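A.B. asks: Need coordinates for the below:
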Amino acid sequence: MMRIQIPETGRVLVRLTAEQGRRLACSGMVDARPSPFEADVWEISSRQRVGVALIGDVEVWVTPKPSIDRLLFLIGYAADPKGWQEESVHLNPREGLLPAVAQALWRQAERALRQGLLQGYRTVEESSYVLRGRLREGDQLRRHHGQVIPMEIRHDDFTLDIPENQILLAAATRLLTVPRFDAESRRHLAALRARLSGVTSLIQGSSLPRWRPTRLNARYHTALRLAKIVWRATRHIAANGFLFDLARVFEDFVTVSVSERLHETYGGAARPQYPCHLDDASAIRMRPDLVWELRGRPAAVADAKYKQEKPAAYPDADLYQMLAYCTALRLPRGHLIYAKGNAIAARHVVRHAGTEIICHALDLTLPPQELLAQVDGIVTELAT
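C.D. replies: So this is what the prediction gives:
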């Protein structure tokens, strides 16, 4: 099996068969195009997705530019800003993205299960010849037309088959389908799956069940948050792999962190993916990443961009887009928030209109508290 390793911001030249090249090009994970200068050589570059995927008989590893612990902080914070605690996860960045996450998951899961599997009550509806719980009278009449048995009943079972255990099982099962990672993690994850054998397995394409942090499931909290990260990163579309879309990760983090701090400090309502229109006929729809409303009216607009888009025909497309948002929402300024290194901080005032477009650059290499302090600075500018 061939293995290709690509840095997030780089590209490599690889000798491939035509079939291998076509599969990579169709995978959605990387850009692949044949070299115009040499037969059987393909140019492979990242598409802002990092991780590992098995595409046909080619294993592709894309390494992220942000450190692994910082990447997981962004993802974890966006998923649960109140509950994510980086220091409790104990990632080893030197292991690489997939091995670090795999080791963190089984270690946290084993810590959660030291006192045994969590049990809870689950409401069950079934047909039975023995009355347990309550009779569902409407279903009894509709399905059995006055017959006494079987009975349509509803009762509560004290069981291991609860959302918390289903989520851990789903994450371990998904991770075991991913291409090579260390044998120790694979052994521990297989043992975890065996231990959860009495729990319902989620079918492909389904969503994770909802769970609510409580005092009773407190020992599961960190493991469940990691499991949700694993679930988001694993997929079975064009490839089996463990992938993060960096543009989506950055957008989610910015939207959640800015919204949280706006609401806590200034009140109002922060609305993600705000629906609006550019024209009077409402034919041209737009969705800024975040609009902050005060007293029911837009007071600020922001868009998160992991990197500055520079298509050949429109090298400043992000600025044009933000100008359209400001015009449609009647705002004197708009905010573009980039990852530092992919764009620079700047201010632009539109000629003859006076609209100001402020470009911010978040430094993702900073420790979490310093990064959130940078977010606070952006929020202050956005709200004044």
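A.B. asks: counting contacts, what elements does the strand or helix carrying residue 166 pack onto?
C.D. replies: Per DSSP states H and E: residue 166 is located in helix 163-175. When contacts are defined as 3 or more C-beta pairs under 8 Å, 6 or more residues apart in numbering; DSSP states H and E, helix 163-175 packs onto helix 97-112, helix 183-195, helix 221-233. Backbone N, C-alpha and C define where each C-beta goes, glycine included.
A.B. asks: Would you mind getting the angle between the second one and helix 221-233?
C.D. replies: When axes from the mean of the first three to the mean of the last three C-alpha atoms, to 10 degrees is applied, the directions of helix 183-195 and helix 221-233 differ by 100 degrees.
A.B. asks: What average pLDDT does helix 183-195 get?
C.D. replies: For helix 183-195, mean pLDDT rounds to 94.
A.B. asks: now what about it, what contacts it?
C.D. replies: Contacts with helix 183-195, where a contact means C-beta atoms under 8 Å, 6 or more residues apart in numbering, come from 99, 102-103, 105-106, 109-110, 113, 117, 168-169, 172-173, 175-176.
A.B. asks: what's the answer for the first one, then?
C.D. replies: Residues lying outside helix 97-112 but in contact with it, judged by C-beta under 8 Å, 6+ apart, are 50-52, 63-64, 68-69, 71-72, 89-93, 95, 118, 168, 171-172, 175, 178, 181-182, 184-186, 188-189, 192, 219-220, 222-223, 226-227, 229-230, 233, 242.
A.B. asks: name the helices or strands packed onto the following helix or strand past it?
C.D. replies: Moving toward the C-terminus from helix 97-112, the next helix or strand (DSSP H and E) is strand 120-128. If contacts are counted by 3+ C-beta pairs under 8 Å, 6+ apart, strand 120-128 sits against strand 151-159.
A.B. asks: Tell me how far the strand it packs on lies from the chain's centre.
C.D. replies: 35 Å (C-alpha atoms, centre = their mean, to the nearest Å).
A.B. asks: My guess is residue 122 contacts residue 161. True?
C.D. replies: Yes - with contact defined as C-beta atoms under 8 Å, residue 122 and residue 161 form a contacting pair (6.3 Å).
A.B. asks: Count the neighbours of the nearest residue to residue 173 once chain neighbours are set aside for me.
C.D. replies: In this structure, residue 173 finds its nearest non-sequential neighbour in residue 193, 5.9 Å apart by C-beta to C-beta, 6 or more residues apart in numbering. The number of residues packed near residue 193 is 19, by other C-beta atoms under 10 Å.
A.B. asks: Residue 193 and residue 179, how far apart?
C.D. replies: 18 Å (C-beta to C-beta, to the nearest Å).
A.B. asks: can you check residue 57 too?
C.D. replies: Residue 57 is 11 Å from residue 179, by C-beta to C-beta.
A.B. asks: cool, residue 172 as well?
C.D. replies: Relative to residue 179, residue 172 is positioned 16 Å away (C-beta to C-beta).
A.B. asks: which ones are touching residue 11?
C.D. replies: 43, 44, 45, 46.
A.B. asks: Give me the subset of those residues lying in strands.
C.D. replies: With DSSP state E as the criterion, strands contain 43, 44, 45, 46 from among these.
A.B. asks: Relative to residue 19, which of those is nearest.
C.D. replies: Distance to residue 19, by C-beta to C-beta, is smallest for residue 44 among the ones in strands among the contacts of residue 11, at 14.9 Å.
A.B. asks: hey, where'd the helices end up in the chain?
C.D. replies: 18-26, 68-79, 97-112, 137-144, 163-175, 183-195, 221-233, 246-266, 317-329, 368-383 (DSSP state H).
A.B. asks: can you redo those helices as CSV with distance to residue 283?
C.D. replies: Below are the helices of the chain laid out as CSV (distance: least, C-beta to C-beta, whole Å):
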stretch, distance to residue 283
helix 18-26, 34
helix 68-79, 33
helix 97-112, 43
helix 137-144, 47
helix 163-175, 42
helix 183-195, 51
helix 221-233, 34
helix 246-266, 26
helix 317-329, 12
helix 368-383, 29
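A.B. asks: Of those, which is nearest residue 128?
C.D. replies: Closest of the helices of the chain to residue 128 is helix 137-144, at 11.2 Å (criterion: C-beta to C-beta).
A.B. asks: could you give the mean pLDDT of that closest one?
C.D. replies: 82.
A.B. asks: Can you list the neighbours in contact with it?
C.D. replies: 125, 127, 150, 151, 152.
A.B. asks: Kindly report the same for stretch 353-368.
C.D. replies: 66-67, 70, 73-74, 77, 86, 250, 254, 319, 322-323, 326-327, 331-341, 343-350, 371, 374-375, 378, 381.
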